[in-house]
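Enquirer: Need a 3D model of the sequence below.
(one chain, ligands or ions: 1)
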Amino acid sequence: MESKSVGNIIQRGGTILKTARSDRFRTIEGQQIAYDNLRKHEVDALVVIGGDGTFRGAREFTENFPFPVVGLPGTIDNDLYGTDMTIGYDTALNTVVEAVDKIRDTAASHERMFFVEVMGRDAGFIALRSGIACGAEDVLIPETVTYLDEVHDKLVKYMTEKKTSSIILVAEGDDAGGAYDIRNAMAKYGEEFDMRVIVLGHIQRGGSPSAYDRYLASRLGVAAIDALLDDQRSVMCGMVHNEIVLVPFNKTIKHHKTIDQKMLDIVDVLNS
Ligand code: F6P
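Expert: Numbering: from 1, shown residues only. This is a model prediction of the structure:
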């Protein structure tokens with residue numbers, strides 16, 4: 001690849017380099033092959049883009065082989081410590097909001113209750129922020145315990161007192177289960193709500209990047225090269241309060257980004 005290889009791709013989703021989880025890279029022999037290939041092709045340095053797993057792999061590689069590596073946070077889940085936003089998160093949020101707005105039309109017209117499952121195997125950042133952005137009646141995420149009785153009472157109250165439709169955003173990794181499980185649990189209470197389930201799935205991981213994601217990725221890409229030229233190694237370039245920060249791989253792997261309880265409160269406040 002040369003500079004011109006990345007011309008005219010800023011508007012594209014996915015990756016032209018392709019991506020895969022590699023079991024072989026977990027072994028020293030696999031890493032040796034990677035190292036030899038990098039040397040053979042005269043690659044000067046690596047900028048790895050991904051989440052926790054990517055940085056673990058990169059850290060191990062740099063511990064075993066003398067190769068310059070820096071990282072960029074890239075996951076739709078936004079569950080990386082050391083950066084406010086990860087590349088891909090904003091695009092995924094916009095996709096969810098657009099889909100839920102459309103679902104809301106049916107929900108309101110037919111007076112239905114929709115359980116919409118969004119991605120987030122271990123994290124509820126997508127569910128929480130998009131939930132606020134589309135005025136969801138409830139948001140269920142893995143970081144907090146879901147009490148089904150509470151969810152039920154809340155929905156009954158909304159549906160009988162003030163609303164004729166409801167949208168509940170469920171992160172796929174919620175402790176009470178996915179959207180189908182929650183719907184089934186709610187059905188057991190016996191109310192006659194007209195309930196439907198939608199699993200948004202991989203549409204959240206594709207599509208043309210949002211303006212914010214393009215801006216973020218461009219700034220972080222420049223920061224990654226600056227960091228390498230500055231002899232920085234094994235650090236992730238993140239952005240906090242619109243400023244570039246360098247976070248050692250060790251730190252971003254060890255710490256967990258936490259959900260802000262105030263954001264959960266906002267969901268309830270906006271529905272009260
Ligand atoms: O990596 C994050 C993620 O988007 C999760 O939220 C989701 O569960 C997973 O990827 C899906 O991965 P796959 O495409 O391998 O099923």
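Enquirer: Report how many residues lie close to the nearest residue to D174 once chain neighbours are set aside.
Expert: Using CB to CB, 6 or more residues apart in numbering and skipping residues adjacent in sequence, the residue nearest D174 is L140, 4.5 Å away. All C-beta spots, glycine's among them, are computed from the backbone N, C-alpha and C. Other residues near L140 come to 26 when the count uses other CB atoms under 10 Å.
Enquirer: got a list of what L140 touches?
Expert: 124, 127, 146, 151, 168-171, 174, 176, 182 (CB atoms under 8 Å, 6 or more residues apart in numbering).
Enquirer: can you pull the pLDDT of it?
Expert: pLDDT recorded at L140 is 98.
Enquirer: Kindly confirm my reading that I203 forms part of a helix.
Expert: Yes. Counting by DSSP: H, G, I helix; E, B strand; the rest coil, I203 is part of a helix.
Enquirer: and it, how many neighbours does it have?
Expert: 13.
Enquirer: ok, and the closest non-adjacent residue to the residue nearest the centre of the chain?
Expert: Among the residues of the chain, the one closest to the centroid is D77, at 1.3 Å (CA atoms, centre = their mean). Using CB to CB, 6+ apart and skipping residues adjacent in sequence, the residue nearest D77 is A123, 4.8 Å away.
Enquirer: number of nearby residues for that neighbour?
Expert: Neighbour number of A123 under other CB under 10 Å is 24.
Enquirer: these two touch, right, it and A171?
Expert: Yes. At 7.2 Å, A123 and A171 qualify as touching, with contact defined as CB atoms under 8 Å.
Enquirer: shared neighbours of the two, anything?
Expert: With CB under 8 Å, 6+ apart as the test, A123 and A171 both reach 141-142.
Enquirer: How about the residues of the protein by the ligand?
Expert: Proximity of the chain to the ligand (CB under 6 Å from any ligand atom) is limited to residues 75-77, 119-121, 172, 205.
Enquirer: can you rerun that using 5 Å?
Expert: 77, 119-121 (CB under 5 Å from any ligand atom).
Enquirer: Report the buried residues of the helix or strand where D153 lies.
Expert: Using DSSP states H and E, D153 maps to helix 148-157. Residues 148, 151-152, 154-155 are the ones in helix 148-157 that count as buried (16 or more other CB atoms under 10 Å).
Enquirer: How about stretch 13-26?
Expert: For stretch 13-26, it's none, nothing buried (16+ other CB under 10 Å).
Enquirer: For it, measure first residue to last.
Expert: From its first residue to its last, stretch 13-26 covers 27 Å (CA to CA, to the nearest Å).
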